[in-house]
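A.B. asks: Mind looking at a prediction? Sequence and model below.
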Amino acid sequence: ASGASGASGASGASGASGASGASGASGASGAPGAPSAPSARGATPSSAAEAWGSPQGSPRDRELPRNVASLDLEQLVGRYGALALAVLTLMLGLGAFLAWAIRRGVFGPELRVVSGAVLAALIAFVGVRLRRRGTVRFGNLLLALSLAVVHLDCWAAGPLLRLVPSSLALGVAALASLALAGLALREQRQALFNVGFGAALLAPFVTSSGGGDPLVLLAYGLIVLAAGTLALRGPDWTRAPVVPMLGVALYTIAAGATAHAEPSWPRAVAPVAFALSVTGLAIGALRGPGRSRLAHAALIAALGVLFTLEARGVPVGARVTLAALITLGSFLATSPSDRGARSAVLGAFLLPVVALVAALNARSDASSARGAALAVAWALGSVVAATFDRDGERRTHAFTATLLGALAVLLAPVELRTFETCVALGLYAVVAAQVLGVTRLLGIAWASLVILFGTSVLAAVLLGEREPFAYTPFATTATLAAATACAGWLALAWQLTRVAAEMPNAVGIVAFVVRVVAGLLVFLWLRAELAHAFSRDVATFLLIAYYAISGVTAIGFGRRRASGVLRAVGLALSALAAICAIVEASGLAIGWRVGGYLLAGAFLLGIAYAYRADERSTRRVKSEGSPDSAGPRP
C-alpha cells in the first residue's frame, strides 16, 4: 500500500500508510470512482467495509486483523518480489550493455562517469515525481537506488578511473547522502534516513583508493556521526540507532587496522579516542535506549582496539587511562529509564571487567601491588556507581565491586600459596557478608556465592592432599582453610536470613538453600577431619561417634524448632552411625569394636526413649482435652 505517510484523517488520500483505517487503499487521490480511505475519526463500519471492497462483517474481517490479512503471499510477491526482480534484471541489462559498449570502445572513461550521473539524476527525478503523486514508498525506493548509483559513479570517477581526486568524489557522495538523510528527517521517514545516513558513512570506503590518512577518516566519521546523532534527538525512531552503531564499529576497526603503521603512539590511539568521543556524544545528545546502544557499541569497539595497542609502542599509562575512560563511559551510558538485562550485563559488569583486564594486560607485573591497586581502583569505581545509582543498576555494581575486590586479593603483592589464598578469600567472604547485612544489596550475595564456591573447592583439595592416618585432626593448614571457607558460608547464610525477612519470597528460598549448603559443608569438613585421623581403628570409632552425636543434635534442634526436616536428618545420621558400627567396626580390634557398638546403641536407645516420651505426652494432652476427661475414671 503506497501513499503519503502521516495523512491521518484525510478522506480520499490514496493508500495513506500512516492513516488509521486507510492503510492499503489504492488509487490516486481524488480520482473519480476510486473508493476514498475513511479517516480514523469519521469512518463508519459500513464505509470502512466498502473502502476495503468487502461487505460489512465479512468472515475475513472477523477472522484476521487488517494488517495480517493484507500480508498474504500474493501481496508479498507482487509488491516486493516483483520489485526486487525488476531492479535486478534492469541492473543486469544495464551492466551487459555497458560491458558490450566498453569492449567495443564506444564508452570512454569520461562518458561512463557522465552516463552514471545522468542515470542517477533520472532515477531521482522519477522518484520525486512519484512522491508528489502520492506513491511515496516507491518514490523513496527510487531515491535510495539513485543514491546507490551516485556512490558507484563516485567510486568509478575517483579510485577506479582517476578522473577526479578521491577527495572530490568523497565530497560529492557525502553531500548526496546527507541531502537524502535531510529529506527523510524532514518528512519523518526512518527507512529513508537510514539509507542516507548509512550511505554517508560508507562514502569514504566506496571512494577510497586504498591509501589515505586514518585521522582524516576518523574526523570525517565523527562529523557525520555527530550530525546523524544530533538529528536522532527529535524523532522517536526505533531502528535508526542501528546505523550509527554499525558506523562507529566500522570506523574504529578500519582505523585501528592501520594503526600498526603509525609513526607515533598518539596516532595509534586515535581509533580508541574516536570511539570514546562517540560515546560522549551519545551520552550528551541522546535519551532512551538509543543512547546506551550507541555508547555500548562504541565502547566495545574501543576495547577491541585497546587490546591491540600493546604491540604498537603505546605507553602503559596511556593504555590504563583509556581503559579507565571506557569504564567511566560504561557507567554513564545507561539511564534509569533504560534499565534491563543488556544495560546490567554490559554497562555494569562486562565492560568494566574487560576494561580492567585490558589495563592489567598493559602491565607486565599484573600479579603485584600495582595490579592489586588497579583492581581496587576498579572496585571503588563500581562502589561509587552503586552509591550514586545513576543508572538504576546498584545491585549489579555491587556484584562487580565484590568480585573485583576478590580479584585484588588474588593479585596481592605476596606470592600466595593455595592455603593462603583459601584463607584470604574465606575472610574476604566473611567481610562481604557483613557489608551485605548493612547495605541489603543482593549483588554482594551473588558474588559471595561465586567466591565461596571457589574457596570451598580449594579447601577440599587441601583436605584431600593430607596423608591418611598421619596427621592430627583440626591441627593442619588445611583445617584452617576449610574453617575459613565454612565461616564464610555461615556468615552469608546468617545475613541472607536477615535480609530475607525484608525481601520477596525468592530471597527466602535462596537463604534456605544457602543455609542447607552451609550446614552440609560444615558436616563434610568435620567428617573429613575424622575420616583418616590417627589410625584406622580410631578413625572408624570417631566417625561412629560423630554420626551419632550429629544425629542426636539434629533431632534436638528439630524438636526445639518444630522442624521435621532437621528431625529426619538426625534420624538418618543416627541410622548411619548404627550401619557404620555394624559394617565397619567388625574389622576393628575388640576394644574399639565393642566401644563402637555400645556407643551407637546408646545413642539410638536415647533417641527411641525421646520419641516414646513424646508419644506419651501427646496422648496425655489429647486425653485431657477430650469431653470425657472431666468425668470419674472407671
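C.D. replies: On my side now, so go ahead. Since the structure is predicted, the reported quantities are computational estimates derived from the model, not experimental observations.

A.B. asks: show me what contacts Ala270?
C.D. replies: 214-215, 218, 255, 259 (Cβ atoms under 8 Å, 6 or more residues apart in numbering). (Glycine included, C-beta is placed from N, CA and C.)

A.B. asks: and if you look at Gly329?
C.D. replies: Residues near Gly329 by Cβ under 8 Å, 6+ apart: 276, 279-280, 283, 295, 298-299.

A.B. asks: Those in helices, which ones?
C.D. replies: 276, 279-280, 283, 295, 298-299 (DSSP state H).

A.B. asks: ChimeraX command for the buried members of these?
C.D. replies: Typed into ChimeraX, the next command selects the buried ones out of those (criterion: 16 or more other Cβ atoms under 10 Å):
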select :276,279,283,295,298,299
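
A.B. asks: For the ones in helices among the contacts of Gly329, could you give me CSV that also reports distance to Ala324 and pLDDT?
C.D. replies: CSV is the format used below for the ones in helices among the contacts of Gly329 (distance: Cβ to Cβ, whole Å; pLDDT from 0 to 100):
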residue, distance to Ala324, pLDDT
Leu276, 11, 96
Thr279, 13, 94
Gly280, 14, 93
Ile283, 16, 90
Ala295, 16, 92
Ala298, 16, 95
Leu299, 12, 96
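
A.B. asks: May I see the ones in helices among the contacts of Gly329 arranged in a markdown table, with distance to Val136 as well?
C.D. replies: Shown next, in a markdown table, are these (distance: Cβ to Cβ, whole Å):
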| residue | distance to Val136 |
| --- | --- |
| Leu276 | 40 |
| Thr279 | 36 |
| Gly280 | 37 |
| Ile283 | 35 |
| Ala295 | 33 |
| Ala298 | 34 |
| Leu299 | 38 |
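
A.B. asks: out of the ones in helices among the contacts of Gly329, who's nearest Leu425?
C.D. replies: When these are compared for distance to Leu425 (Cβ to Cβ), Leu299 wins out at 30.3 Å.

A.B. asks: Hmm, that closest one is touching Ala275, no?
C.D. replies: Yes. Between Leu299 and Ala275 there is a contact under Cβ atoms under 8 Å: 6.8 Å.

A.B. asks: Which residues are in contact with each of those two?
C.D. replies: The contact sets of Leu299 and Ala275 do not overlap (Cβ under 8 Å, 6+ apart).

A.B. asks: Not counting its own residues, what contacts stretch 342-351?
C.D. replies: Here stretch 342-351 makes contact (Cβ under 8 Å, 6+ apart) with 292, 296, 299-300, 303, 326-327, 330-331, 333-334, 382, 385, 391, 393, 396-397, 399-400.

A.B. asks: buried stuff in that stretch?
C.D. replies: Of all the residues in stretch 342-351, those buried under the rule 16+ other Cβ under 10 Å are 343-344, 346-351.

A.B. asks: Stretch 462-479 too?
C.D. replies: By 16+ other Cβ under 10 Å, the buried positions in stretch 462-479 come out as 462-463, 466, 471, 473, 476, 478-479.

A.B. asks: about what we covered before: let's see if you can find the most crowded of the contacts of Ala270.
C.D. replies: Ala255 (25 neighbours; other Cβ atoms under 10 Å).

A.B. asks: Cross-check the contact I'm expecting between it and Ala219.
C.D. replies: No. With contact defined as Cβ under 8 Å, Ala255 does not reach Ala219; the gap is 10.4 Å.

A.B. asks: just to revisit the earlier point, wait, which of the contacts of Gly329 is closest to Leu604?
C.D. replies: The nearest member of these to Leu604, counting by Cβ to Cβ, is Leu299 at 65.2 Å.

A.B. asks: From Ala101, how far out is the closest one?
C.D. replies: Here the criterion is Cβ to Cβ, to the nearest Å. By it, Leu299 lies 50 Å from Ala101.

A.B. asks: picking that back up, quick check: the farthest pair among the buried residues of stretch 462-479?
C.D. replies: Maximum distance among the buried residues of stretch 462-479 (Cβ to Cβ): 14.0 Å, for Leu462 and Pro473.

A.B. asks: Tell me, how many residues neighbour the closest residue in space to Ala297 that isn't next to it in sequence?
C.D. replies: Of all residues not flanking Ala297 in the chain, Met245 sits nearest, at 3.9 Å (Cβ to Cβ, 6 or more residues apart in numbering). Using other Cβ under 10 Å, Met245 has 21 other residues around it.

A.B. asks: Met245: which element?
C.D. replies: Using DSSP states H and E, Met245 sits in helix 242-257.

A.B. asks: Beyond that helix, next helix or strand please.
C.D. replies: Assigned by DSSP H and E, the successor of helix 242-257 is helix 265-268.

A.B. asks: Roughly how far does Arg312 sit from Ala500?
C.D. replies: Using Cβ to Cβ, Arg312 is found at 52 Å from Ala500.

A.B. asks: what do you get for Ala481?
C.D. replies: According to Cβ to Cβ, Ala481 and Ala500 sit 29 Å apart.

A.B. asks: before we move on, what about Leu303?
C.D. replies: Taking Cβ to Cβ as the measure, Leu303 falls 38 Å from Ala500.

A.B. asks: thinking again about what came up before, now the contacts of Ala270 as TSV including pLDDT?
C.D. replies: Formatted as TSV, the contacts of Ala270 follow (pLDDT from 0 to 100):
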residue	pLDDT
Pro214	83
Leu215	84
Leu218	89
Ala255	87
Ala259	65
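
A.B. asks: how about TSV for those residues, with distance to Ala575 added?
C.D. replies: Output for the contacts of Ala270, formatted as TSV (distance: Cβ to Cβ, whole Å):
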residue	distance to Ala575
Pro214	76
Leu215	79
Leu218	75
Ala255	72
Ala259	71
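
A.B. asks: Please identify the buried residues of the helix or strand containing Leu520?
C.D. replies: Using DSSP H and E, the element containing Leu520 is helix 505-531. Using 16+ other Cβ under 10 Å as the test for burial, helix 505-531 gives 507, 510-511, 514-515, 517-519, 521-526, 528-531.
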